[in-house]
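Visitor: quick one: sequence and predicted model below, then my questions.
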Amino acid sequence: MNLFVLMKRTFDTEEKIAIEAGKIQDEGAEFIINPYDEYAIEEAMQLKEQHGGSITAVTVGGEEAEKELRTALAMGCDQAVLINIEDDLEEPDQYAVSTILYHYMKDQEFDVILGGNVAIDGGSGQVAPRLAELLNIPYVTTITKLEINGKDANAERDVEGDVEKIKTSLPLLVTAQQGLNEPRYPSLPGIMKAKKKPLEEIELDDLDLDEDDVSAKIKTIERFLPPKKEAGKLLEGEPAEQAKELVSLLRSEAKVI
């Protein structure tokens with residue numbers, strides 16, 4: 001079984017992020033594999049354990065993304081591909097990334113393509129479905145369960161508190177939701193093996209693309225951090241006194257009554 005995982009290098013949102021002149025400052029920032037993509041990697045590994053085959057991790061980005069690809073290799077992927085756009089596109093949007101991935105994937109033999117439900121830095125969830133549309137293959141998003149039987153696939157997906165069961169066929173693209181599995185950490189042997197696993201780097205020219213072919217359709221106007229929250233107030237006294245003060249504050253300061 002030929003398995004491909006779409007992966008993205010993202011900011012670690014657990015760390016403090018600084019914005020200057022409308023841009024997130026890379027210096028001093030921590031980067032990780034997009035957490036939802038880790039579920040996709042783990043699911044690919046479980047499918048390989050059940051059916052055999054190989055796993056290829058693919059990302060679109062700059063040379064710095066090699067670190068996260070090596071982590072994916074340490075987790076169990078067999079090979080990795082970095083589509084390097086560092087010198088071509090400063091800020092690719094979902095259209096650009098899905099188009100680039102399409103021009104790579106259309107020449108590959110694949111059974112299942114897996115990706116994260118969303119990227120935690122953008123949260124659009126558009127790249128994988130766009131890619132499936134371009135490849136003209138079925139896709140199921142936000143899956144919480146996946147079973148492959150020959151050329152048939154059964155998936156369950158999260159639909160806001162309920163579960164939808166879907167039967168479809170391969171080749172197939174799916175996006176992973178939290179709860180699909182529990183990603184394993186890279187082991188020491190896995191980290192050592194990752195250093196010798198193949199990591200191919202290609203550029204737009206190798207895909208017969210140029211900047212105009214994948215120019216972004218969306219322009220970011222502004223980025224800013226949410227305003228700081230004011231400190232809360234602790235009400236003192238008897239319950240009746242607290243209730244009276246609360247009503248007064250809601251009327252005079254919050255202006256909600």
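Guide: Arrived safely.

Visitor: make it CA atoms for all contacts and neighbour counts henceforth
Guide: OK.

Visitor: show me this structure divided up by domain.
Guide: Following automatic domain parsing, the chain resolves into domains at 2-214, 229-257.

Visitor: turn those domains into CSV, columns for mean pLDDT, mean neighbour count and distance to Glu222.
Guide: As requested, the domains of the chain are exported to CSV (pLDDT from 0 to 100; neighbours: other C-alpha atoms under 10 Å; distance: least, C-alpha to C-alpha, whole Å):
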stretch, mean pLDDT, mean neighbour count, distance to Glu222
domain 2-214, 92, 18, 6
domain 229-257, 84, 10, 21
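
Visitor: any chance of those domains in CSV, with distance to Thr220 too?
Guide: CSV is the format used below for those (distance: least, C-alpha to C-alpha, whole Å):
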stretch, distance to Thr220
domain 2-214, 9
domain 229-257, 25
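
Visitor: tell me which of those lies nearest to Ile221.
Guide: Set against Ile221 and scored by C-alpha to C-alpha, the domains of the chain come closest in domain 2-214, at 8.3 Å.

Visitor: mind checking the end-to-end distance for that closest one?
Guide: End-to-end distance for domain 2-214: 27 Å, by C-alpha to C-alpha, to the nearest Å.

Visitor: what residues sit buried inside stretch 216-231?
Guide: Of all the residues in stretch 216-231, those buried under the rule 16 or more other C-alpha atoms under 10 Å are Ala216.

Visitor: need the contact partners of it.
Guide: By C-alpha atoms under 8 Å, 6 or more residues apart in numbering, the list of residues contacting stretch 216-231 from outside reads 19, 22-23, 91-96.

Visitor: now do 7 Å
Guide: For stretch 216-231, contacts defined as C-alpha atoms under 7 Å, 6 or more residues apart in numbering pick out 19, 22-23, 92-93, 95-96.

Visitor: now, these that are in strands?
Guide: Applying DSSP state E to those, the entries found in strands are 19, 23.

Visitor: next, format the contacts of stretch 216-231 as CSV and append distance to Ile191.
Guide: Shown next, in CSV, are the contacts of stretch 216-231 (distance: C-alpha to C-alpha, whole Å):
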residue, distance to Ile191
Ile19, 33
Gly22, 37
Lys23, 33
Pro92, 31
Asp93, 32
Tyr95, 34
Ala96, 32
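
Visitor: nearest to Lys165 among the contacts of stretch 216-231?
Guide: For the contacts of stretch 216-231, the nearest to Lys165 is Tyr95 (28.9 Å; C-alpha to C-alpha).

Visitor: just checking, what packs against the longest strand anywhere in the chain?
Guide: Across the chain, the strand with the greatest residue count (assigned by DSSP E) is strand 139-149. Judged by 3 or more C-alpha pairs under 7 Å, 6 or more residues apart in numbering; DSSP states H and E, strand 139-149 is in contact with strand 152-158, strand 172-176.

Visitor: of all these, which one is nearest Val247?
Guide: Of all the helices and strands packed on strand 139-149, strand 152-158 sits nearest to Val247, with 40.7 Å by C-alpha to C-alpha.

Visitor: what pairs with that closest one, parallel or antiparallel?
Guide: Partners of strand 152-158 in the sheet, by DSSP bridges, are strand 139-149 (antiparallel), strand 163-169 (antiparallel).
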